[in-house]
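[1] need the 3D shape of this:
(chains A, B, C, D, E and F)
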4 protein chains.
Amino acid sequence: MKAVSKSQIKRDALLKATICLVNNNGFHATPMSKIAKMANVSPATIYLYFKNKQDLANQAYIEVKSSFSNCAFKDFEPNMGVEEGFKKIWMNIATFKLKEVDHAMFLSQCDNTPMIDEESRQEGLKHLQPLIALWERGKEEGLVKPFSPFILYAFTVYPISFLLNTEMKGWCKVDKPALERAYSAAWDAIKL
Amino acid sequence: MKAVSKSQIKRDALLKATICLVNNNGFHATPMSKIAKMANVSPATIYLYFKNKQDLANQAYIEVKSSFSNCAFKDFEPNMGVEEGFKKIWMNIATFKLKEVDHAMFLSQCDNTPMIDEESRQEGLKHLQPLIALWERGKEEGLVKPFSPFILYAFTVYPISFLLNTEMKGWCKVDKPALERAYSAAWDAIKL
Amino acid sequence: MKAVSKSQIKRDALLKATICLVNNNGFHATPMSKIAKMANVSPATIYLYFKNKQDLANQAYIEVKSSFSNCAFKDFEPNMGVEEGFKKIWMNIATFKLKEVDHAMFLSQCDNTPMIDEESRQEGLKHLQPLIALWERGKEEGLVKPFSPFILYAFTVYPISFLLNTEMKGWCKVDKPALERAYSAAWDAIKL
Amino acid sequence: MKAVSKSQIKRDALLKATICLVNNNGFHATPMSKIAKMANVSPATIYLYFKNKQDLANQAYIEVKSSFSNCAFKDFEPNMGVEEGFKKIWMNIATFKLKEVDHAMFLSQCDNTPMIDEESRQEGLKHLQPLIALWERGKEEGLVKPFSPFILYAFTVYPISFLLNTEMKGWCKVDKPALERAYSAAWDAIKL
DNA sequence: CATGAATGAGGCTTCATTCAT
DNA sequence: AATGAATGAAGCCTCATTCAT
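    Numbers count the residues shown, from 1 in each chain, chains lettered A, B, ... in the order given. Sure, this is the predicted structure:
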């Protein structure tokens, strides 16, 4: 029984509007006035909740990134077997990206453009720690290729974004079997 | 002995300036006046070569995308063996992204934000046809997993962008051995 | 034993904050919200005590001007000798300006910019009546030049503001001997 | 036969409009849009000539201050007799303030509010050097009281502003005889 | 071809003031 | 009496684009 304050509701509406509009138009092409309109507040009200436009974007980024990692490690236990754990995380991430399309697109745009403060970006980085730790164990156990986490990430998690993009554009449909196929590619890419 | 017209030179300077500035600031945060200044040209002159800012971006995208595919299929022969051909193309692309960083970053930004016309984006797509054809042959010959080209692309070529990004941010160095490791991940991801 | 009401205290805090902030930033660069904050009060509360921002400034002006004339004629007796009376008043004013720097600066700003209603300004004028009367007597007694009070004021009292300003800016120090020198200039300027 | 460029004309119109409006409303109550309107240009045009509002004010200040000192030392020769030279300068200044009312009011407002950069203010200071030098000679020759230039200025030049103000407000008229009376007060204030 | 000057439209942000509590 | 939240109006400034030369 969460009591959600009126303020919290408004803040959330603003963040949601920001995400939606930035997804569709990009950060700099999204005026504060439109964000306000979509959140049903006056433009001036935004500045009660956020210092300025940049702050609004940073906060949205941090919020979404955090919800992302919450999903990513759902039901994951550090003592799981390496492959089992990896598949769980991978599927979690894929599910997140395919279900929470808005959030995923927003993250993708944040990570590929100079719209987010370096500081906030750093903040978002630490979230993947458990996955990296899992890979380390995998390497020790001789199950995972002895590659840097950047390469491992590049060939397992990062590709999901591409699939999301193509689905968004209606070029293909990512259903359950497609997901399994994609997972097999991911695991094959890094397994020893 | 190509005679390069004065006009051509100016057009190129404008495209180059656009790419550079958009990379650093994003499309909407790059004023025409700055592009003009960097190209040593009056703002008004831009409009002699391009219809408007959007057109300038589109043209830059098409130009870069085309130079990209020129590189991608350098020394590739349609009758090569599948793995040999794939490795050549993959390495070409990786080399392009790591050498022509400016161009690669620009493409990445174009592909991850709504800054480019859908029409121009379509234009850029057809360039990958030979790679897709190669994969088709690979599938027929039982060398490549029977996956959609989207998945194959997602787990082989797309990851290179991530490596470029991380290198750009100074988080890791992609040298020759790292490249080989990355390639092995790519091939393992899709080979049968 | 004055019992100072809670209301009075708040009103005074607001006036004080106004004076301080206007001194440092000017009238139009001083937001009501900052005045409220400095007076430890909600912005809305200001409007319980003052009609609007202009009214707040006017009241502050009147208040300060009145405290100014209280000082100016301290220990002055209408039947004093002309020179003795003049020196007393002059020194009172100088002391006020050098001790109550905040108030003096505020008056200076009010008198040199269009921030105060003409009406309130008129209100502040009558305070100098006793000095003008003294000068009249001085003229009758042949001790003071037969000039309009404006000229007499301009060359005796008004210059003190300049000395205050220069001291404020750290350009010079106005100590007791300097004050005596200044007084001698003032008296020489108007004595017959 | 000065050829005045079109740009120069526009710049001057902007400065003039600024002075006029700031005189009537104060710096912060004068919107750029009104300045533009009075100068018959678009608001955006202002920014071709001035970096921002502050710069506009600073430039106006410097310009006016400089025209002020040009007037102040008209026909003054450094080898004049001290009293003769002083009277010339004093009358020049008085004439300037009474004739160029707009400029004089503007300077007064600049010098009494925080609207001008400290840097620009410093710039305006050096203009009085010849007067200070004259006073120094006067002191050496035993003609002028041995006071700091601040006091000398306070009781001779500074009072003129007050007379200007009162005339502006219609409280008195400063005609030729009044000017002579005022001068006599000024000289008596500092002569030995 | 080329340009520097000009601008209308629009974006971000602030602020005096009000309103619901 | 007191307030925190809310906002419409307005201010500063930028920029894509055009025009006169």
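[2] for chain A, which helix or strand comes out least confident on mean pLDDT?
    Least confident element among the helices and strands of chain A, by mean pLDDT, DSSP states H and E: helix A:118-125 (a mean of 81).
[3] using PDB, write out the CA atom coordinates for that helix.
    Provided in PDB are the C-alpha atoms of helix A:118-125 (Å, rounded to 0.1, in the frame of the first residue of the first chain):
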ATOM      1  CA  GLU A 118      29.600  12.300 -18.100                       C
ATOM      2  CA  GLU A 119      28.900  12.200 -14.300                       C
ATOM      3  CA  SER A 120      25.500  10.700 -14.700                       C
ATOM      4  CA  ARG A 121      26.800   8.300 -17.200                       C
ATOM      5  CA  GLN A 122      29.400   7.000 -14.700                       C
ATOM      6  CA  GLU A 123      26.500   6.600 -12.200                       C
ATOM      7  CA  GLY A 124      24.800   4.300 -14.700                       C
ATOM      8  CA  LEU A 125      27.800   2.200 -15.300                       C
END
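[4] mind listing what's buried in that helix?
    A:120, A:121, A:123, A:124 (16 or more other CB atoms under 10 Å in any protein chain shown). Bear in mind the C-beta positions are built from the backbone N, C-alpha and C, glycine included.
[5] list of residues touching it?
    Residues outside helix A:118-125 that contact it (CB atoms under 8 Å, 6 or more residues apart in numbering or on different chains) are A:58, A:61, A:62, A:65, A:110, A:111.
[6] residue D:88: which of the buried residues of helix A:118-125 is nearest?
    The closest of the buried residues of helix A:118-125 to residue D:88 turns out to be residue A:120 (CB to CB; 66.4 Å).
[7] follow-up on the earlier one: for the buried residues of helix A:118-125, give me TSV that also has distance to residue A:24.
    Below are the buried residues of helix A:118-125 laid out as TSV (distance: CB to CB, whole Å):
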residue	distance to residue A:24
A:120	22
A:121	22
A:123	25
A:124	22
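[8] could you double-check that residue A:65 sits in contact with residue A:107?
    Yes. Counting by CB atoms under 8 Å, residue A:65 touches residue A:107, with 6.5 Å between them.
[9] doesn't residue A:79 lie inside a helix?
    No. Residue A:79: not assigned to a helix; according to DSSP: H, G, I helix; E, B strand; the rest coil it is coil.
[10] okay, it and chain C: tell me how far apart.
    54 Å (CB to the nearest CB, to the nearest Å).
[11] how about residue A:12?
    26 Å.
[12] please apply the same query to residue A:132.
    For residue A:132, the distance to chain C - CB to the nearest CB - is 46 Å.
[13] helix or strand: which one has the residue of chain A found nearest chain B?
    Residue nearest to chain B within chain A: residue A:28 (3.0 Å; CB to the nearest CB). Following DSSP states H and E, one finds residue A:28 outside all helices and strands.
[14] which of the buried residues of helix A:118-125 sits closest to chain D?
    Nearest to chain D among the buried residues of helix A:118-125, with distances taken as CB to the nearest CB, is residue A:120, at 29.2 Å.
[15] OK, contacts around residue A:83?
    A:138, A:143, A:187, A:191.
[16] ok, 10 Å please
    A:134, A:138, A:141, A:143, A:144, A:187, A:191 (CB atoms under 10 Å, 6 or more residues apart in numbering or on different chains).
[17] within reach of chain B, which of those are there?
    A:187, A:191 (CB under 10 Å from any CB of the partner chain).
[18] list the contacts of the closest residue to residue A:103 other than its chain neighbours.
    Of all residues beyond its chain neighbours, the one nearest residue A:103 is residue A:64 (4.8 Å), with distances taken as CB to CB, 6 or more residues apart in numbering or on different chains. For residue A:64, the contacting residues are A:15, A:19, A:100, A:102, A:103, A:104, A:105, A:106, A:107, A:110, A:124, by CB under 10 Å, 6+ apart.
[19] can I get the CA coordinates of the helix or strand harbouring residue A:64 in PDB?
    Assigned by DSSP H and E, residue A:64 belongs to helix A:53-72. Only the C-alpha atoms of helix A:53-72 are listed here, as PDB (Å, rounded to 0.1, in the frame of the first residue of the first chain):
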ATOM      1  CA  LYS A  53      16.700  20.700 -18.900                       C
ATOM      2  CA  GLN A  54      20.000  18.900 -18.600                       C
ATOM      3  CA  ASP A  55      19.200  17.900 -15.000                       C
ATOM      4  CA  LEU A  56      15.800  16.600 -16.200                       C
ATOM      5  CA  ALA A  57      17.600  14.400 -18.800                       C
ATOM      6  CA  ASN A  58      20.200  13.200 -16.300                       C
ATOM      7  CA  GLN A  59      17.500  12.200 -13.800                       C
ATOM      8  CA  ALA A  60      15.600  10.400 -16.400                       C
ATOM      9  CA  TYR A  61      18.700   8.500 -17.400                       C
ATOM     10  CA  ILE A  62      19.500   7.500 -13.900                       C
ATOM     11  CA  GLU A  63      16.000   6.500 -13.100                       C
ATOM     12  CA  VAL A  64      15.700   4.300 -16.300                       C
ATOM     13  CA  LYS A  65      19.100   2.800 -15.900                       C
ATOM     14  CA  SER A  66      18.300   1.800 -12.400                       C
ATOM     15  CA  SER A  67      15.000   0.200 -13.400                       C
ATOM     16  CA  PHE A  68      16.900  -1.500 -16.100                       C
ATOM     17  CA  SER A  69      19.400  -3.200 -13.700                       C
ATOM     18  CA  ASN A  70      16.600  -4.100 -11.400                       C
ATOM     19  CA  CYS A  71      15.100  -6.100 -14.200                       C
ATOM     20  CA  ALA A  72      18.500  -7.400 -15.400                       C
END
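[20] no further queries at this time; thank you.
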